[in-house]
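Asks: sequence and predicted structure below; questions after.
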Amino acid sequence: FFFACAAARPAPGKALPMDVSLTYATQLKGMLDKSDGKDKFVALLQYAAMFVGAGEPGVALSAQKSLSVARKPFRVFKPIEFLMPLVEKPPKGKGVGACLAYVKAIGMAVYMGADHFVWLTSSGVLNDGPSKERQSFFQNLSLWSWFAASLATVAQQTSDLTGALDDMSSCGDDEVSKKQAAKKARTVMASVATSSAQAFLALALLDKTPFVTLSKRQVGALGVAISVANCVALAPERKSKVA
């Protein structure tokens, strides 16, 4: 969505080119104002470098590794951020919903936390043992935790999507309510697709994808697509001016 304004053509009553450019620039700024937005945007660049380099030694691979390290400051307190809701307001009940909430929160916390230990090991901070084995352990723990958290998110959002579709059915002839329910359903459906793709990406990074083996370039392309979707989700809603 960042570069869509380059191809925009104004129609009668539609936004002018400058207004369109400012609108997209405002969206980009709004996304980058958030630490998550910065993280996802750098992830987009990281996976783009993976796509270009295809995992082969060279400038692209060096850029990919550097961009991966550049994301660390945006994730320093993420494990605490994911765990605090469980402490402040634990999920009610002992059913599937509560279990999914715990799996998602703890999985994401371990994903981020273990990734910190990957960096600590690779940078030599933790150097009192075989660093390669330790780094591999934390890397696998991080990615498997991301996979589990993504699956839990998919299960949660599938339930939300069912509820949104039920709301659409119960709106009857109320067009306003029906449009609101449809908008919610589209948002949840996009989240389900993104979370499912993230679970698959985690398996691809682990070289554990079922039925198919992805090349580094294909993994990079998948990462780029997911990062774009995450950036779009984090961007403020577009509010363009009209002539």
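Replies: Right, received. Where do you want to start? What you see is a predicted model; the values in this text were computed from it and never measured.
Asks: after the top helix by length along the chain comes which helix or strand?
Replies: Longest helix in the chain by number of residues (criterion: DSSP state H): helix 131-170. Using DSSP states H and E, the helix or strand that follows helix 131-170 in sequence is helix 175-205.
Asks: relative orientation of that following helix and helix 131-170 in degrees?
Replies: For helix 175-205 against helix 131-170, the angle by axes from the mean of the first three to the mean of the last three CA atoms, to 10 degrees is 160 degrees.
Asks: let me know the average pLDDT across helix 175-205.
Replies: Helix 175-205 carries an average pLDDT of 87.
Asks: any idea which element Val212 lies in?
Replies: For Val212, there is no helix or strand it lies in under DSSP H and E.
Asks: re the thing from before, the longest helix of the chain - contacts with which helices or strands?
Replies: In terms of contacts (3 or more CB pairs under 8 Å, 6 or more residues apart in numbering; DSSP states H and E), helix 131-170 is packed against helix 96-122, helix 175-205. For every residue, glycine as well, the C-beta is placed using N, CA and C.
Asks: reformat those helices as CSV; add mean neighbour count.
Replies: Formatted as CSV, the helices and strands packed on helix 131-170 follow (neighbours: other CB atoms under 10 Å):
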stretch, mean neighbour count
helix 96-122, 19
helix 175-205, 17
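Asks: pLDDT value on the residue positioned nearest the centre of the chain, please?
Replies: By CA atoms, centre = their mean, the mean C-alpha position of the chain lies nearest to Asn230, the distance being 4.6 Å. Per-residue pLDDT puts Asn230 at 90.
Asks: residues near the nearest residue to it once chain neighbours are set aside, how many?
Replies: Excluding the flanking residues, the one nearest Asn230 by CB to CB, 6 or more residues apart in numbering is Lys40, at 4.3 Å. The tally of other residues near Lys40 (other CB atoms under 10 Å) stands at 24.
Asks: look up phi and psi at Lys40.
Replies: Lys40 has phi and psi values of phi -70, psi -30 when expressed as degrees, to the nearest 10.
Asks: if I pick it, what's in contact with it?
Replies: Met31, Ser227, Asn230, Cys231, Leu234 (CB atoms under 8 Å, 6 or more residues apart in numbering).
Asks: among these, which are in helices?
Replies: Among these, the members falling in helices (DSSP H) are Met31, Ser227, Asn230, Cys231, Leu234.
Asks: any idea how far Arg134 is from Leu234?
Replies: Separation of Leu234 from Arg134 (CB to CB, to the nearest Å) stands at 33 Å.
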